[in-house]
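Visitor: Predicted model and sequence below, questions to follow.
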Amino acid sequence: MADVCNSNFREWFPELIKVIDSAAFFAIDLEFLGLPSSARDDLVPTLFDESEQRYKKIVQSVRRYPPCQLGIAVFTERDDGASYEVESFAIPLFKRLPHKQVFSYSLSAVSFLANNNFDFNKFIMEGVTYSNGRQTEDMRKEILSGGIDYDVFEDGLEHRLQILKINFQRAAQNAIRMSQHTVHRSPSARSYQTGLQLPHPILIELVRSGEFIDTDTVDQTMHPPWDRPLSPLEKAVIEYVFTNDHRHLEFSISHDGTLLYVAELPVLTLLHYSEEEWVEEKLEKLLQEISGVSEIVKRMLARRVPIVGHNSFLDLVYLYECFVDDLPDSYEDWKAATRKEMPTVFDTKIIACLLKNQLSENGVMDHSLKTLGAFFESASCGQILPFSYPSISEGPCSQYIFGVGEHFHNAAFDARVTGSIFIKMLYLYAYTKSAGHGDFSRLWQLRKLIFACRNDFANRVPIPLIDYLHCYLPGADPHGHRPDVLRVRKRRKWPWFGLLNGRTENIVDVIVDQIIGMEKMLQFTLADMIPLRGELKREMGAFRIDVKRSDEHEGIALVATNTPKTFARVARYLAAHKWIRPMDERTSEKASWEELLMGSEEMKRRRKGQRRRRKTTGDHLSVCITEEINDDRLGTIALLTAGVTSSLFIVGTVIYWSRA
């Protein structure tokens, strides 16, 4: 792995560009200081979210919690797909512009990063800056206007520039005086001249280095403005500011950032550049420093080769916001903009879902990156296919990638694993799709593999906990198969509570609702929702549920689940609840919740295209009744269950609630 950071970023830049220009595809991964689930309650993703709602929540989270590390794995195809060479780069990210920006972090995220050996000191001290296109263009306009306060780059930079201008003026006058024997004048900021003619090059000390310096060319009586070597950004600022003021002079800073060299522009430079072009080049250099890592990402996107991620929806949103442009307001606009910048995106979790049968047969039951990576690196992987995969070797920049062992949740390692399993899953999917009839006697070129598979999973990215199969970048997202929400209401507290069985009480409840109207239902307050949500989450354990009050009726609460199995478990629990009972709810497939409960085990066969059986409601589901209150079946149940006594109770109850 190549460890790229702020102090060596410009040294690595040419090598990064060289590797990127030869890439067959890129695998990416980002680490963050917080996730949407860490945001305030109204921004936490829920099972009730539509695509647009989820996108807006994620946008707020992205702008609140910055990324802290970018991992790029660059895969280069060798020998027509017989092997691949990969270069992995880990780049800590620390946005330095504007310098006084404020960002947030979540305790859970930083604890998770710390447990995975993330270096927070390196993140702050050596993190590389970045900016998207709009931010860079705004900075260009501000610089050209001349009204920029350079403290935006670093605290005290404006003051240091003024001191450096005085020091330069003094050094230039000393050089002129020594050559012409003129009278020396003490310079000031106001006497800073823009038309100085230097008789010979001069050096100005920027930092007290303590080393021997030739006193014939360096005036050591001047006070250096810095007490440390200059950062690459500070170097670019100085070179632009002084070049813009003295267009006939050349300003350059030593590699170690301690000395400023000033001389008349060489003749060859004047032949190739006008003064305006020379200043423009210095400005572009400054803007490149402002852009930082964005220059690398833009070069990657310009290649138009596939970009691969794992569960990468959040990664793509961050990639666009941090390195490309401000996120659009709407979800559909973001998909169109992302599609324009990244025409081909693959997600290994989507591919894994399509291969779930083959993977589950070999013991792979979850599709996390760690599980998939371990499987495809194991000996079991070779048992699936009757041929070997291409070899994947580290490039010269990545010969010593992390040493021995796994290092998941380091962005570079995750990106490398993502790209590796992507190649292997392409082969597995192509082999499965061809039903073993494809010619796999030779390894395929990447473009042939992608051509064979892309229509099934290209530009599809998973969005967790939402009733859509995935985010489909070129068009509308396909709907999922999640059960409809379960509607629940409060049970009424009857004067004879406990004398009747629950079945009779529910029948009475429904008849009262029909007679006195739904508006007389007991209302759910916000105070009711908190204990209900907590109780259900405790009882359901790892089963994912969400609860909220209905927007249409304050007497109804909605319970959302993500699988039929969870739906059945929740419905069974609420049917026997003391103060909550389910209402009859029809799903989009015209199946009542009790039918889903009875048929949860049939759901797998139904999804494969078989018609689901409808089962008769059993005794343990008798608390659930149909929407047709006046049908003959309900009347028969009521008469058989309650008899004449129940009828008298009903009449008394109607009178009681009418007066209430």
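Guide: Thanks, I have it. Since this is a predicted model, take the numbers as computed values, not measurements. Numbers count the residues shown, from 1 in each chain.
Visitor: Please compute how far the helix or strand where Glu321 lies lies from its chain's middle.
Guide: Assigned by DSSP states H and E, Glu321 belongs to helix 313-323. Helix 313-323 sits 6 Å away from the centroid of its parent chain (CA atoms, centre = their mean, to the nearest Å).
Visitor: what's next to that helix, contact-wise?
Guide: Helix 313-323 is contacted from outside by 28-30, 32, 35-36, 58-59, 62-63, 66-67, 93, 95, 130, 132, 293-294, 297-298, 309, 327, 334, 337-338, 341-342, 345, 461-464, 471, using CB atoms under 8 Å, 6 or more residues apart in numbering. No exception for glycine: its C-beta is placed from N, CA and C like everyone else's.
Visitor: And the buried ones among those, selectable in PyMOL?
Guide: Applying 16 or more other CB atoms under 10 Å to the contacts of helix 313-323, the buried members can be selected in PyMOL as follows:
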select buried, resi 28+29+30+32+35+36+58+59+62+66+67+93+95+130+132+293+294+297+309+327+334+338+341+342+345+461+462+463+471
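Visitor: and the contacts of helix 313-323, which of them are in helices?
Guide: 58-59, 62-63, 294, 297-298, 334, 337-338, 341 (DSSP state H).
Visitor: Low-confidence ranges, the stretch 551-660 of the chain, go.
Guide: The stretch 551-660 of the chain contains residues with pLDDT under 70 at 584-660.
Visitor: ok, now the stretch 351-500 of the chain?
Guide: For the stretch 351-500 of the chain, applying pLDDT under 70 flags the ranges 386, 399-406, 436, 492-500.
Visitor: Please spell out which residues along stretch 64-79 are buried.
Guide: Using 16+ other CB under 10 Å as the test for burial, stretch 64-79 gives 64-77.
Visitor: Same list, these, but as TSV with pLDDT please.
Guide: Shown next, in TSV, are the buried residues of stretch 64-79 (pLDDT from 0 to 100):
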residue	pLDDT
Arg64	91
Tyr65	93
Pro66	94
Pro67	96
Cys68	95
Gln69	96
Leu70	96
Gly71	95
Ile72	96
Ala73	96
Val74	96
Phe75	97
Thr76	96
Glu77	95
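Visitor: Switch those over to a markdown table; also include distance to His409.
Guide: Below are the buried residues of stretch 64-79 laid out as a markdown table (distance: CB to CB, whole Å):
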| residue | distance to His409 |
| --- | --- |
| Arg64 | 21 |
| Tyr65 | 16 |
| Pro66 | 17 |
| Pro67 | 13 |
| Cys68 | 11 |
| Gln69 | 9 |
| Leu70 | 14 |
| Gly71 | 10 |
| Ile72 | 16 |
| Ala73 | 15 |
| Val74 | 20 |
| Phe75 | 21 |
| Thr76 | 25 |
| Glu77 | 28 |
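Visitor: Give me the distance between the two termini of stretch 571-583.
Guide: End-to-end distance of stretch 571-583 (CA to CA, to the nearest Å): 10 Å.
Visitor: Next, the buried residues of it.
Guide: Across stretch 571-583, burial judged by 16+ other CB under 10 Å covers 571, 574-575, 577, 580-583.
Visitor: elements contacting the helix or strand harbouring Asn121?
Guide: Applying DSSP H and E as the criterion places Asn121 in helix 120-125. In terms of contacts (3 or more CB pairs under 8 Å, 6 or more residues apart in numbering; DSSP states H and E), helix 120-125 is packed against helix 107-115.
Visitor: which residues does Ile202 bridge with?
Guide: With DSSP bridges applied, Ile202 shows beta-bridge pairing to Val262.
Visitor: can you give me the strands for the stretch 51-200 of the chain?
Guide: 67-78, 83-92 (DSSP state E, counting those that start in this stretch).
Visitor: Can you spell out which helices and strands pack onto the first one?
Guide: Using 3+ CB pairs under 8 Å, 6+ apart as the contact definition, the elements that strand 67-78 packs against are helix 9-20, strand 25-32, strand 83-92, helix 411-433.
Visitor: right, so of these, which gets closest to Ile143?
Guide: Taking CB to CB as the criterion, Ile143 comes closest to helix 9-20 out of these, the separation being 19.8 Å.
Visitor: Give me the nearest residue to Phe413, chain neighbours excluded.
Guide: Spatial nearest neighbour of Phe413, excluding adjacent residues (CB to CB, 6 or more residues apart in numbering): His407 at 4.3 Å.
Visitor: Any figure for the gap between the one you found and Lys18?
Guide: Note on His407: its distance to Lys18, by CB to CB, to the nearest Å, is 25 Å.
Visitor: between the two, who's got more neighbours?
Guide: Neighbour comparison, His407 and Lys18: the larger count goes to His407, with 18 against 12 (by other CB atoms under 10 Å).
Visitor: helix, strand or coil for that one?
Guide: Of the three states, His407 takes coil under DSSP: H, G, I helix; E, B strand; the rest coil.
Visitor: oh, and call the first residue 33 from now on, that's how I've got it
Guide: Got it, the first residue is 33 from now on, which makes the last one we talked about His439.
Visitor: I'd like to know how far Leu125 sits from Ala146.
Guide: As judged by CB to CB, Leu125 and Ala146 stand 17 Å apart.
Visitor: what do you get for Arg172?
Guide: Computed as CB to CB, the Arg172 to Ala146 distance reads 38 Å.
Visitor: can you check Lys610 too?
Guide: Here Lys610 is placed at a distance of 44 Å from Ala146 (CB to CB).
Visitor: ok, back up a step: in JSON lines, list the helices and strands packed on strand 99-110 along with distance to Ser423.
Guide: Conversion of the helices and strands packed on strand 99-110 to JSON lines gives the following (distance: least, CB to CB, whole Å):
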{"stretch": "helix 41-52", "distance to Ser423": "19"}
{"stretch": "strand 57-64", "distance to Ser423": "17"}
{"stretch": "strand 115-124", "distance to Ser423": "5"}
{"stretch": "helix 443-465", "distance to Ser423": "10"}
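Visitor: Out of these, which is closest to Glu586?
Guide: Closest of these to Glu586 is strand 57-64, at 37.3 Å (criterion: CB to CB).
Visitor: What angle do helix 41-52 and that closest one make with each other?
Guide: Relative orientation of strand 57-64 and helix 41-52, computed by axes from the mean of the first three to the mean of the last three CA atoms, to 10 degrees: 140 degrees.
Visitor: Give me the contacts around strand 57-64.
Guide: Contact with strand 57-64 is made by 52, 97-107, 141, 145, 150, 332, 337-342, 344, 346-347, 350-351, 441-444, 446-448, 450-451, 454, 478, as judged by CB under 8 Å, 6+ apart.
Visitor: quick one, it and strand 115-124 angle?
Guide: Angle, strand 57-64 to strand 115-124, by the same axes, to 10 degrees: 30 degrees.
Visitor: Show me what strand 57-64 pairs with in its sheet, parallel or antiparallel.
Guide: Partners of strand 57-64, by DSSP bridges, with direction: strand 99-110 (antiparallel), strand 339-341 (parallel).
Visitor: can you list the ones you listed in TSV and add distance to Asp578?
Guide: Shown next, in TSV, are the strands paired with strand 57-64 (distance: least, CB to CB, whole Å):
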stretch	distance to Asp578
strand 99-110	27
strand 339-341	26
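Visitor: contacting residues around the closest residue to Met210 other than its chain neighbours?
Guide: Excluding its sequence neighbours, the residue lying closest to Met210 (CB to CB, 6+ apart) is Pro231, at 8.0 Å. Pro231 makes contacts with 207-208, 210-212, as judged by CB under 8 Å, 6+ apart.
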